[in-house]
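Trainee: Let me see the structure of the following:
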Amino acid sequence: MLESFGQSILKNNAVKMPRVGKTPPQSALERENRALKARLAKLERLVVCDTLTPLFNRRHFMDELSRWCWRTHRYGGEYGLLFIDVDNLKSVNDGHGHLAGDIMLTAVAKALLASVRRSDVVARVGGDEFAILLDSIPASIIAGKAANITEAVAKLEIPYQGHCLIPNVSVGFTPLEAGVKPVELLLRADRSMYAAKQAKGMDQDR
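Mentor: Below you'll find the predicted structure:
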């Protein structure tokens, strides 16, 4: 009797351990980790990439330009900066709509990527403006590179709703020089780009 009573007390006062949820299968954890990494990679791309074209954005380009300027000042080297403006984007937007303009900008961006090396940096830095950092290039051949890019873009024929869009660009350039700030380099390349426009008889006003 006493033994039965004691067992009853022990049973009623036993410490109840909390129920622990089941550990997810390893494959489920791996899928969740892969999904998380994919989301993080997408966020990282949004920080540095242009939202329309397959290029870097202005923020990333300016960071890279500052880094390349520091490297030039610290270690030397031969680098170039190109500044590119799409001359006829406004007329395409006005005549065919902004979707046509976006398609043309994307085509120009792809042509720029195809014209450079993996070590170069290509970015869209404005609505109709692009910039390129050229790695390991003598100052004497930067002008030739600018001319080659101008010709490559001019060869594009972009079909759009029964029309053929042909972009025209003006390309300015400058070598990177030790001790010259990024803003000054951009101004030099911008002035060079406007000189290219004027050489084609185009109005300097945007």
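
Trainee: quick one, what contacts the spatially most central residue of the chain?
Mentor: Geometric centre of the chain, nearest residue: residue 56, 1.1 Å, by CA atoms, centre = their mean. Contact partners of residue 56, counting by CB atoms under 8 Å, 6 or more residues apart in numbering, are 48, 49, 50, 64, 121, 122, 123, 124. Every C-beta, even on glycine, is put in place using the N, C-alpha and C of the backbone.

Trainee: Take those and write them to a markdown table, including distance to residue 189 and pLDDT.
Mentor: As requested, the contacts of residue 56 are exported to a markdown table (distance: CB to CB, whole Å; pLDDT from 0 to 100):
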| residue | distance to residue 189 | pLDDT |
| --- | --- | --- |
| 48 | 21 | 92 |
| 49 | 22 | 96 |
| 50 | 19 | 96 |
| 64 | 14 | 98 |
| 121 | 14 | 98 |
| 122 | 14 | 98 |
| 123 | 13 | 98 |
| 124 | 15 | 98 |
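
Trainee: now those residues as JSON lines including distance to residue 130?
Mentor: Output for the contacts of residue 56, formatted as JSON lines (distance: CB to CB, whole Å):
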{"residue": "48", "distance to residue 130": "15"}
{"residue": "49", "distance to residue 130": "14"}
{"residue": "50", "distance to residue 130": "10"}
{"residue": "64", "distance to residue 130": "14"}
{"residue": "121", "distance to residue 130": "11"}
{"residue": "122", "distance to residue 130": "7"}
{"residue": "123", "distance to residue 130": "7"}
{"residue": "124", "distance to residue 130": "5"}
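
Trainee: Filter those residues down to the ones in strands?
Mentor: Using DSSP state E, the subset of the contacts of residue 56 located in strands is 121, 122, 123, 124.

Trainee: was I right about the third one contacting residue 63?
Mentor: No - with contact taken as CB atoms under 8 Å, residue 123 and residue 63 are classed as non-touching, separated by 10.2 Å.

Trainee: between those two, who's got more neighbours?
Mentor: Shown here are residue 123 and residue 63; by other CB atoms under 10 Å, residue 123 has more neighbours (26 against 14).

Trainee: So among the contacts of residue 56, which ones count as buried?
Mentor: Among the contacts of residue 56, those classed as buried by 16 or more other CB atoms under 10 Å are 49, 50, 64, 121, 122, 123, 124.
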